[in-house]
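>>> Sharing a model that was predicted from the sequence below.
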Amino acid sequence: MCGVIGYIGKEGVAPILLNGLKRLEYRGYDSAGVATLGSDLHMKKDVGKVADIHKNINFLDVPGTLGIAHTRWATHGGVTKENAHPHTDCEEKIAVVHNGIIENFQELKRNLVSLGHKFKSQTDTEILPHLIEEIMRKGKNFHDATASALKVLEGGYAVLVLNKNERKLIAARKGSPLVLGVSDTGYFAASDIPAFLEYTKNVIYMHDYDMALISDNGLKIFNLIENREVDRKIDTIDWNIKQAEKGEFQHFMLKEVSEQVDTIQRAAQQNKEVIDQVIKELKNARGIFFVAAGSSYHACLAASYIMSKVSKLHINVVLASEFPHYEHYINDKTLVVAVSQSGETADVLEAVKSAKAKRSKIISLVNVVGSSLTRSSDMFLNINAGPEICVLSTKTYTSQLALFTLLSYALNDRYEEGRKRLNYLWNEIYQLTSATTREKIKELAEKLQDKEHIFLIGRGLQYATALEASLKIKEVSYIHAEALAGGELKHGTIALIENGTPCIVFVSEEHEKEILSNAMEIKSRGGYIIGVSSKNNEIFDFWIKVPDANSENPIVQIIPIQILAYQLAILRGLDPDRPRNLAKSVTVK
Ligand code: F6R
């Protein structure tokens, strides 16, 4: 995954691109670059983080009111200056930035090389400027040549293209996200709204195969499949720039963890009519599949336990990437509930595509309205957590849980009770995210910071929490963390417990006895027991106090571990907002 931003208008483009790059850095942070159009094409790029590159080569020092920029997460070609975007054609007239993967690039490259094109990088992206150049040589204009070039690309793309000889910006997408922004001073195109949110809240969500041609005279959008100009409406979003800024917090991760006091409440404010429709579909379906990846998958797993407990509904929970193996169960009576914060995860979109081909109904839970997933769904629910900038899912995970809780109670004709239960969490979450709790968790992080392994156990709902908690610890502290259902421990993994091995135990009052007996098995082999529970116990070497919230336990129990993961990253000198090798939305399969 990478981030792209472009602008054409009356304002100086350099600060717009630099601000956009900073806001898009969560999407990739290997290298970055800009290209602007002044009297000539001006280009600057290098490897490293945006701030460091800017310090060395000054991104503000480029002229013009038209430009494109890119922040990279390497897929094809190593992290080198040559592989950083923008990429150009042989004559350096066409500049391109790209997010996605061009699957047939090797074949296209071979052909272009045989025609005499000289390549400077190992990227898949570089074939595009050369292809446009080649088609223009045969007499097509910039616009038609770009359209023709895009039509031969296989795979996914969000691209921005500049031509040194024309004051135009071309923006096109297939598979990868791209949003346009419209302000009084000009037009923006970016991978994500926060990139231009400080300039405008008016957005146009581009559809797959849309190609926008933007000039000083306005904007035209063509669809490359329909082969005609199309009308896309302008939406006004209610996000504000404060939500996309760190404010008084040192990192987005901590800010977003702290925001959960509000985001849970927002997730619980749904349009009752839409909830009723979703409930009808859940009740009428013959076979329900919850499909997602990563943290969203853990939210689905927790939801399946909640739905079994509260509404006696059976749910099949499937990892999006494994969905093809279940396809023979899918038909026109099946309901697929696809869950994705970004709405752009390739595995999820692929699963939805194949379910739709079998005429299954699709309902999605998303945080980004207008994303590919919302457009592929028959119906969607907005978890409404606001922009999540840190690579790790924190507030969006608990908002997904909140919405699932609401649905579970609604299924049982107890919608109001569900809403109230979530409202009551306000005070609990306020305490759990307070400075006092953070200090207490820091004490634990100090004890764990040099450990190589951490084990986590839970049963039922708490098992889903253990899985999500282990993911949080791994992603941001790089400590190996392994989650197990409490009962599974004795079937093998207990062999790894040694003197001092830390084990986090998630306890619910309902299943206290069973999980404490598993904790005891670890303790008697020298394990260091960290209890996450409403009551202290003599088995615990360290106790994290959380309220017992029954069906809302997954929400309250994960918060201290999100904080633990954050503290571990800080103590180990790591950047919690930009963990290595990870990207915020995984738009490749
Ligand atoms: C974990 C994390 C990832 C995502 C996963 C799915 O902190 O962020 O595991 O949960 O990539 O992403 P979405 O929800 O956007 O489909």
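Arrived safely.

>>> quick one: low-confidence ranges for the stretch 251-400 of the chain?
Within the stretch 251-400 of the chain, no range satisfies pLDDT under 70.

>>> Please list the residues of it that sit near the ligand.
Contact residues (Cβ under 6 Å from any ligand atom) of the stretch 251-400 of the chain with the ligand: 293, 294, 295, 296, 340, 341, 342, 345, 348, 392, 393. Quick note: C-beta positions are derived from backbone N, CA and C, even for glycine.

>>> who touches the first one in this structure?
This means residue 293. 319, 320, 321, 340, 345, 347, 348, 586 (Cβ atoms under 8 Å, 6 or more residues apart in numbering).

>>> right, and the helix or strand after the longest strand along the chain?
Secondary structure of the chain per DSSP state E: the longest strand is strand 166-174. Using DSSP states H and E, the helix or strand that directly follows strand 166-174 along the chain is strand 179-182.

>>> Check which element follows that next one along the chain.
Next along from strand 179-182, by DSSP H and E: strand 186-190.

>>> Could you dump the residues of the stretch 251-400 of the chain next to the ligand into JSON lines and include secondary structure?
Formatted as JSON lines, these follow (DSSP: H, G, I helix; E, B strand; the rest coil):
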{"residue": "293", "secondary structure": "coil"}
{"residue": "294", "secondary structure": "helix"}
{"residue": "295", "secondary structure": "helix"}
{"residue": "296", "secondary structure": "helix"}
{"residue": "340", "secondary structure": "strand"}
{"residue": "341", "secondary structure": "coil"}
{"residue": "342", "secondary structure": "coil"}
{"residue": "345", "secondary structure": "coil"}
{"residue": "348", "secondary structure": "helix"}
{"residue": "392", "secondary structure": "coil"}
{"residue": "393", "secondary structure": "coil"}
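
>>> Looking at the residues you listed, which is nearest the ligand?
residue 294 (2.0 Å; Cβ to the nearest ligand atom).

>>> Quick check: the gap between that closest one and residue 320.
Separation of residue 294 from residue 320 (Cβ to Cβ, to the nearest Å): 9 Å.

>>> between the two, which one's more packed in?
Legend: neighbour count by other Cβ atoms under 10 Å for residue 294 and residue 320, higher for residue 320 (26 against 22).

>>> List the residues that contact that one.
So residue 320 contacts 291, 292, 293, 297, 338, 345, 347, 348, 350, 351 (Cβ under 8 Å, 6+ apart).

>>> mind checking the backbone torsions on the third one?
In this entry, residue 293 is assigned phi and psi values of phi -130, psi 160 (degrees, to the nearest 10).

>>> who does the longest strand of the chain touch, helix- and strand-wise?
Secondary-structure packing of strand 166-174 (3 or more Cβ pairs under 8 Å, 6 or more residues apart in numbering; DSSP states H and E): strand 3-9, strand 66-72, helix 142-151, strand 157-163, strand 186-190, strand 210-215.

>>> Distance to the ligand and mean neighbour count added to these, as a markdown table?
Listed next are the helices and strands packed on strand 166-174 as a markdown table, based on distance: least, Cβ to the nearest ligand atom, whole Å; neighbours: other Cβ atoms under 10 Å:
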| stretch | distance to the ligand | mean neighbour count |
| --- | --- | --- |
| strand 3-9 | 15 | 29 |
| strand 66-72 | 18 | 30 |
| helix 142-151 | 25 | 20 |
| strand 157-163 | 16 | 27 |
| strand 186-190 | 17 | 26 |
| strand 210-215 | 22 | 21 |
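
>>> export the ones you listed to CSV and tack on distance to residue 485?
Putting the helices and strands packed on strand 166-174 into CSV (distance: least, Cβ to Cβ, whole Å) gives the following:
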stretch, distance to residue 485
strand 3-9, 38
strand 66-72, 39
helix 142-151, 48
strand 157-163, 40
strand 186-190, 42
strand 210-215, 46
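
>>> Can you lay out these as TSV showing mean pLDDT?
Output for the helices and strands packed on strand 166-174, formatted as TSV (pLDDT from 0 to 100):
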stretch	mean pLDDT
strand 3-9	96
strand 66-72	95
helix 142-151	97
strand 157-163	97
strand 186-190	98
strand 210-215	98
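
>>> which outside residues touch the helix or strand harbouring residue 318?
Assigned by DSSP H and E, residue 318 falls within strand 316-319. With contact meaning Cβ under 8 Å, 6+ apart, strand 316-319 is reached by 287-293, 297, 300-301, 303-304, 326, 329, 347, 351.

>>> how close does residue 525 get to the ligand?
To the ligand, residue 525 is 31 Å away according to Cβ to the nearest ligand atom, to the nearest Å.

>>> Which residue, other than its chain neighbours, is closest to that residue?
The spatially closest residue to residue 525, leaving aside those adjacent along the chain, is residue 497, at 4.4 Å (Cβ to Cβ, 6 or more residues apart in numbering).

>>> Who are the contact partners of the one you found?
Applying Cβ under 8 Å, 6+ apart, the residues contacting residue 497 are 455, 503, 522, 525, 526, 527.

>>> returning to that earlier point: name the member of the contacts of residue 320 with the most neighbours.
residue 348 leads the contacts of residue 320 on contacts (other Cβ under 10 Å) with 31 neighbours.

>>> Now name the helix or strand holding the nearest residue to residue 494 once chain neighbours are set aside.
Leaving aside its sequence neighbours, residue 494 sits nearest to residue 521 (Cβ to Cβ, 6+ apart; 6.4 Å). According to DSSP H and E, residue 521 maps onto helix 512-523.

>>> Also residue 338?
Going by DSSP H and E, residue 338 is part of strand 335-340.

>>> returning to what we had before: determine which two of the residues of the stretch 251-400 of the chain next to the ligand are furthest apart.
Largest separation among those by Cβ to Cβ: 348 and 392, giving 17.9 Å.

>>> if you skip the residues just before and after it, what's nearest to the residue of the stretch 101-250 of the chain found nearest the ligand?
Distances between the stretch 101-250 of the chain and the ligand by Cβ to the nearest ligand atom are smallest at residue 177, namely 10.7 Å. Nearest residue to residue 177, sequence neighbours excluded (Cβ to Cβ, 6+ apart): residue 344, at 4.9 Å.
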